[in-house]
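1. Need the 3D shape of this:
(one chain, ligands or ions: 1)
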Amino acid sequence: MKPIYDPGAGAAFWAAIEKLPGYPSGEHMPIPIILFESNAVYKLPDVMTQAKAQRDKPLLVVMDKTPMVRQGKYLKQLVMEILSKAGWQIQSIFLEPDGTGQVHTDMPHIEVVKKMIQPGASLLAVGSGTVCDITKHAAYLYEKETGSAPSFVAFQTANSVSAFTSNMAPTFVDGVKRTLPSRYPNALVCDLETLADAPYDMTVAGVGDLLAAFVSFPDWYLAHELGMDPAYSEFAQLLMGPLDEVFLDSAKKIHDRSPEGMAILAKLIALGGLAMSLSHATTPMSGYEHVISHVLDMLAETEARPLAQHGTQVALATLLAADAYQHFLNEFDPLEVNLDSCYPKPASMEKLILNTFGTIDPSGGAGRECWADYRLKLDLWNENRPRFESLRQDWPSVRAHLSSLTRTPEQLLEILRAIDAPLNFDQIVPPVSEVQIRFAFMNAPLMRRRLTLGDLLLFSNWDRDRLWQQIWARSQTLAKA
Ligand SMILES: [Zn+2]
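-> Sure, this is the predicted structure:
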């Protein structure tokens, strides 16, 4: 079983998805060249030319310092050999890790790349999501400053995150992870041998990041029903297709790292990036589970701990949020809710947010950043009170639709088990403690403007302490089952 829409099919792919409801008008083939092929690495010189890079101008090859091996050869050396043999003038940029030993997407790294761009130069990112995001955003900012857009090609070295087809860049701003508007690559190259030889934990993370859909789809629909997001469309759901069925069917091929398995996963990941970019928001693939993960990243960043594999952390947060959905769908009765108590005063929320994030960033910067974003949500929530009131009548149909968009933790665990993924927070690197994950689960709603199930639980005065105990205990039992 393959994805319904094949982003490797060129013009036919774009023509097919342009017909889906919710496809933005006027955006014709935003990434004209996308390859998922065996030995695609050898096509890089041609792809650079097709992407309108100029061979008489410098080609900046952006990488981190992680050694990568492809079929027994060093990948980065191979890429540079292939390009220089074809006459490209390479300038390599190696991004420096920070104190945690990792490279993170932040303004200092983006500046390093941006400063190296000369008129006419083109860019090739050889790496995973972070390297791609840094390069992409440097190219974007350069264009904003100079008015000329450098040609930018992404060579994806792992099936890890959906950065490669995204026109957004998740970036640390004042210690808080924010998604900034950015740009598409002119071409994406997925070399199946490179993807097969990537560390398997990155492949597992790529699956995990997409499982978020089973929380983010219902979250987006919920926000739409409550009047909190007028931009809602079903485009992302239609584009992704029966994601869980494709995963279950392809799990062995992904686990065996067969060329077919690598291509299917790379295509799903590409679709995930496009689902967000063409919806002009990360909302379709980033709900409560991603905010939980962002808070965990924030905790790690302030404690100078390395970040866990994004998608794996997201998958585990998805299990918790999906279980919260099960409780919500089974127990929520809008007729029992005291509406007047669902609209907290701004001053009390401001205090709560400053206090909460002050515990991890005593400078107060993170708290102020979160409150600035949160208050927009609180205002909108107040304005849309009639929508919450009308949920009283509409609940049976809204409930049924939410239920069709989510999955039980057992169903999601079946996919994670089939690909031999971590099933619990103590199995990821570095491990996350219950105290940290509880903090993230409880406080994620306070972090940003987007409404998720986490917000509705908070606004409706759900007994979240009890809920936490229930879902944490269940997650521990299920992981061991
Ligand atoms: Zn993600």
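
2. hey, where'd the helices end up in the stretch 351-481 of the chain?
-> Assigned by DSSP state H, counting those that start in this stretch, the stretch 351-481 of the chain shows helices spanning 365-383, 385-405, 409-418, 434-443, 453-459, 464-480.

3. Return the set of buried residues in the fourth one.
-> The reference is to helix 434-443. Under the neighbour-count criterion of 16 or more other Cβ atoms under 10 Å, helix 434-443 has 436-437, 439-443 buried. Every residue, glycine included, has its C-beta placed from N, CA and C.

4. how distant is the lowest-mean-pLDDT helix or strand in the chain from the center of its chain?
-> Least confident helix or strand, the chain: strand 176-181 with a mean of 85, by mean pLDDT, DSSP states H and E. Distance, stretch centre to chain centre, for strand 176-181: 11 Å (Cα atoms, centre = their mean, to the nearest Å).

5. And for stretch 152-170?
-> 10 Å.

6. I'd like the mean pLDDT over that stretch, please.
-> In this model, stretch 152-170 has an average pLDDT of 95.

7. Also stretch 66-76?
-> Averaging pLDDT along stretch 66-76 yields 97.

8. Can you give me the end-to-end span of that stretch?
-> From its first residue to its last, stretch 66-76 covers 10 Å (Cα to Cα, to the nearest Å).

9. Need the contact partners of that stretch.
-> Stretch 66-76 has contacts (Cβ atoms under 8 Å, 6 or more residues apart in numbering) with 41, 61, 63, 78, 126-127, 157, 191, 193-194, 197-198.

10. ok, which stretches of the stretch 151-300 of the chain are strands?
-> 152-156, 168-173, 176-181, 187-191 (DSSP state E, counting those that start in this stretch).

11. Just want the angle from the third one to helix 365-383.
-> Compare the direction of strand 176-181 with that of helix 365-383 by axes from the mean of the first three to the mean of the last three Cα atoms, to 10 degrees and you get 60 degrees.

12. Next up, the contacts around Ser286.
-> Ser286 touches 179, 212, 216, 276, counting by Cβ under 8 Å, 6+ apart.

13. If we use 10 Å, what do you get?
-> Ser286 sits next to 162, 170, 179, 209, 212-213, 215-216, 219-220, 272, 276, 293-294, 314, 448, 450, 452 when contact means Cβ atoms under 10 Å, 6 or more residues apart in numbering.

14. can you put the strands of the stretch 151-300 of the chain in CSV and add distance to Ser403 and mean neighbour count?
-> Formatted as CSV, the strands of the stretch 151-300 of the chain follow (distance: least, Cβ to Cβ, whole Å; neighbours: other Cβ atoms under 10 Å):
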stretch, distance to Ser403, mean neighbour count
strand 152-156, 35, 28
strand 168-173, 30, 21
strand 176-181, 28, 18
strand 187-191, 35, 26
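
15. so Cys358 touches Gly367, yeah?
-> That one is not Cys; residue 358 is Gly. Yes: taking Cβ atoms under 10 Å as the definition, Gly358 is a contact partner of Gly367 at 5.2 Å.

16. Show me which of those two is the more surrounded one.
-> Neighbour count, other Cβ atoms under 10 Å: between Gly358 and Gly367, Gly367 has more, with 24 against 15.

17. Could you check how far the nearest residue in space to the more buried one that is not next to it in sequence is from Glu410?
-> Counting by Cβ to Cβ, 6 or more residues apart in numbering, Gly367 lies nearest to Phe357, which is 3.7 Å off, once chain neighbours are set aside. Phe357 is 34 Å from Glu410, where distance means Cβ to Cβ, to the nearest Å.

18. Looking at the two, which has the bigger crowd around it?
-> Between Phe357 and Glu410, Phe357 has the larger neighbour count (other Cβ under 10 Å), namely 26 against 14.

19. And the pLDDT for that one?
-> 94.

20. how much space is there between the closest residue to Arg399 other than its chain neighbours and Asp219?
-> Spatial nearest neighbour of Arg399, excluding adjacent residues (Cβ to Cβ, 6+ apart): Leu329 at 5.9 Å. Leu329 is 13 Å from Asp219, where distance means Cβ to Cβ.

21. Next: Gly10.
-> 33 Å.

22. Of the two, give the one with the bigger neighbour count.
-> Asp219 (31 against 14).

23. Distance-wise, check the nearest residue to that one once chain neighbours are set aside relative to Gly261.
-> Distances taken as Cβ to Cβ, 6+ apart place Gly287 nearest to Asp219, at 3.3 Å, with adjacent residues excluded. According to Cβ to Cβ, Gly287 stands 27 Å off from Gly261.

24. cool, and Thr130?
-> 24 Å.

25. what is the rounded mean pLDDT of stretch 455-467?
-> 98.

26. Can you get me the start-to-end distance on that stretch?
-> End-to-end for stretch 455-467, by Cα to Cα: 14 Å.
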